[in-house]
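>>> Give me a 3D structure for the following:
(one chain, ligands or ions: 1)
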Amino acid sequence: LNAAESGLFDDLIEADQRIEPRDEMPEAYRQTLIRQIAQHAHSEIIGMQPEGNWITRAPSLRRKAILMAKVQDEAGHGLYLYSAAETLGVDRAELLDRLHSGKQKYSSIFNYPTLTWADCGAIGWLVDGAAIMNQVPLCRCSYGPYARAMIRVCKEESFHQRQGFEILWTLMRGTEEQQEMAQDAANRWWWPSLMMFGPPDTGEAAQGGHTEQSMAWGIKRFSNDDLRQKFVDMMVPQAEKLGLVLPDPELRWNEERGHYDFGPIDWDEFWRVLKGDGPCNAERLTHRRAAHEEGAWVREAATAYAAKQAARERR
Ligand code: 3HC
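This next block holds a predicted model:
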């Protein structure tokens with residue numbers, strides 16, 4: 001009996017219940033989840049690189065300790081997510097191969113460089129802020145293992161966002177040079193962080209997309225544009241608190257809509273970055289492949305140890 005014939009899957013989705021690994025599910029549902037969870041996992045581990053770049057140069061011992069913890073959290077998020085993907089019957093080694101060969105994507109945002117210390121603040125504030133906006137609804141995703149992984153991830157992300165805000169808060173209360181550095185980082189990260197939510201729901205730049213089907217399956221709970229709007233509405237007052245000017249002359253409160261209006265997003269840039277032509281795509285993948293190769297001995301040692309333990313237990 002396949003999932004469609006049994007009707008159980010549809011009943012569970014209809015009742016807004018969770019689908020668990022043992023449940024029958026349509027193949028397309030399984031493939032959509034593998035794609036999204038794997039891309040999410042890849043984003044977490046590639047996302048270690050831009051900030052990892054600043055660990056040795058963090059401006060104080062306290063900042064360094066916080067940054068190391070944050071980057072380690074991202075590795076942890078990657079691990080929960082690969083585990084969640086494995087419950088769908090794929091192998092993590094295979095998923096990593098797909099990342100390394102460019103067959104699977106990771107978030108566009110991690111193809112931009114971290115030029116100054118203020119970029120660590122802007123990433124925490126904007127990028128992790130966007131990640132939270134996108135991931136809190138995923139805690140209610142219809143697939144149980146993904147939804148459960150998201151709960152802890154979101155708790156840690158909110159710490160990350162606050163640390164980013166606090167870096168910028170400190171810089172904005174510093175020297176003129178520090179304030180300029182913070183403003184420059186906000187200028188460079190604002191538009192790419194809006195692109196993180198994915199292509200628009202309608203229009204030419206939408207290029208098809210998975211939203212409608214994913215919402216029907218309860219994987220996505222909001223469309224890309226709805227989440228982007230919520231993000232803008234959340235960030236404008238925070239930017240005002242920080243004393244930062246967001247780089248969009250069209251940004252203004254729309255009384256009628258009850259939301260902030262904002263200017264057009266450069267979707268050509270987004271699709272270019274996705275196709276591999278962002279400022280750091282090549283660097284990110286080269287570094288990732290090298291880390292994987294250099295870590296081969298650790299995986300081999302762990303496998304040999306596990307085999308030895310298993311043999312001992314059998315004796
Ligand atoms: N970067 C790269 N690719 C993107 C993208 C982005 N910002 N936004 C969309 N895409 C891709 C999609 O993967 C899809 O490509 P595919 O068909 O080849 O797989 C295509 O563009 C069309 O987009 P859709 O909106 O139709 O795709 P989805 O329904 O999958 O929605 C999404 C995109 C909203 C990003 C959704 O996949 C999602 O919610 N993913 C989980 C969250 C996530 O991956 N976050 C990663 C960044 S945050 C992070 O890593 C935390 C940090 O602390 C390290």
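>>> Which stretches in the stretch 201-315 of the chain count as helices?
211-216, 224-242, 267-274, 281-294, 296-314 (DSSP state H, counting those that start in this stretch).
>>> just the stretch 51-200 of the chain next, same as before
Counting by DSSP H, counting those that start in this stretch, the helices of the stretch 51-200 of the chain are 61-86, 92-100, 118-122, 128-135, 144-172, 176-195.
>>> now the ones you listed as TSV including distance to the ligand?
To be clear about C-beta, it is placed using only N, CA and C from the backbone, and glycine gets the same treatment. Listed next are the helices of the stretch 51-200 of the chain as TSV, based on distance: least, C-beta to the nearest ligand atom, whole Å:
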stretch	distance to the ligand
helix 61-86	5
helix 92-100	11
helix 118-122	12
helix 128-135	4
helix 144-172	6
helix 176-195	6
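>>> Do I have it right that Ile66 meets Gln163?
Yes. The criterion here is C-beta atoms under 8 Å, and Ile66 meets it with Gln163 at 5.7 Å.
>>> Which pLDDT value belongs to Gly203?
Reading off the per-residue confidence, Gly203 sits at a pLDDT of 84.
>>> rewinding a little: what do Ile66 and Gln163 both touch?
Contact criterion C-beta atoms under 8 Å, 6 or more residues apart in numbering; residues shared by Ile66 and Gln163: none found.
>>> Now render the helices of the stretch 51-200 of the chain as JSON lines, adding mean neighbour count and mean pLDDT.
Below are these laid out as JSON lines (neighbours: other C-beta atoms under 10 Å; pLDDT from 0 to 100):
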{"stretch": "helix 61-86", "mean neighbour count": "18", "mean pLDDT": "97"}
{"stretch": "helix 92-100", "mean neighbour count": "16", "mean pLDDT": "97"}
{"stretch": "helix 118-122", "mean neighbour count": "26", "mean pLDDT": "98"}
{"stretch": "helix 128-135", "mean neighbour count": "23", "mean pLDDT": "97"}
{"stretch": "helix 144-172", "mean neighbour count": "19", "mean pLDDT": "97"}
{"stretch": "helix 176-195", "mean neighbour count": "20", "mean pLDDT": "98"}
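>>> quick one: the residue nearest to Val273 when sequence neighbours are not counted and the ligand, what's the gap?
Closest residue in space to Val273, ignoring its immediate chain neighbours: Ser108 at 4.6 Å, by C-beta to C-beta, 6 or more residues apart in numbering. Separation of Ser108 from the ligand (C-beta to the nearest ligand atom, to the nearest Å): 4 Å.
>>> Arg22 too?
Taking C-beta to the nearest ligand atom, one finds Arg22 at 24 Å from the ligand.
>>> Tell me the secondary structure at that residue.
For Arg22, the reduced secondary structure class is coil; criterion used: DSSP: H, G, I helix; E, B strand; the rest coil.
>>> Give me the number of neighbouring residues for it.
Taking other C-beta atoms under 10 Å as the neighbour definition, Arg22 ends up with a count of 7.
>>> same check, this time on the one 4 residues further on
Counted by other C-beta under 10 Å, the residues lying close to Pro26 total 14.
>>> Next, work out how far apart it and the ligand are.
Distance of Pro26 to the ligand, computed by C-beta to the nearest ligand atom: 16 Å.
>>> That residue contacts Phe9, correct?
Yes. The pair Pro26 and Phe9 qualifies as a contact (C-beta under 8 Å) at a distance of 6.4 Å.
>>> Can you give me every residue that contacts the residue nearest to Met235 when sequence neighbours are not counted?
The shortest distance from Met235 to any non-neighbouring residue, by C-beta to C-beta, 6+ apart, is to Gly129 (6.4 Å). In this structure, Gly129 makes contact with 161, 164, 193, 231, 234-235, 238, judged by C-beta under 8 Å, 6+ apart.
>>> Can you give me the buried ones in stretch 54-61?
Neighbour counts over stretch 54-61 (16 or more other C-beta atoms under 10 Å) mark 54-55, 58 as buried.
>>> buried stuff in stretch 19-36?
With burial defined by 16+ other C-beta under 10 Å, the residues of stretch 19-36 counted as buried are 19, 25, 29-30, 32-34, 36.
>>> cool, stretch 104-118 as well?
Neighbour-count burial for stretch 104-118 flags 104-112, 114, 116-118 (criterion: 16+ other C-beta under 10 Å).
>>> Quick check: the closest residue to Leu251 other than its chain neighbours vs Leu246, distance?
If the residues on either side of it in the chain are set aside, Leu251 comes closest to Phe262, at 5.1 Å by C-beta to C-beta, 6+ apart. Between Phe262 and Leu246 the distance, using C-beta to C-beta, to the nearest Å, works out to 9 Å.
>>> Kindly report the same for Ala118.
15 Å.
>>> what's the answer for Ser43, then?
When distance is defined by C-beta to C-beta, Ser43 is 24 Å away from Leu246.
>>> next one: Asp261
Here the distance between Asp261 and Leu246 works out to 12 Å (C-beta to C-beta).
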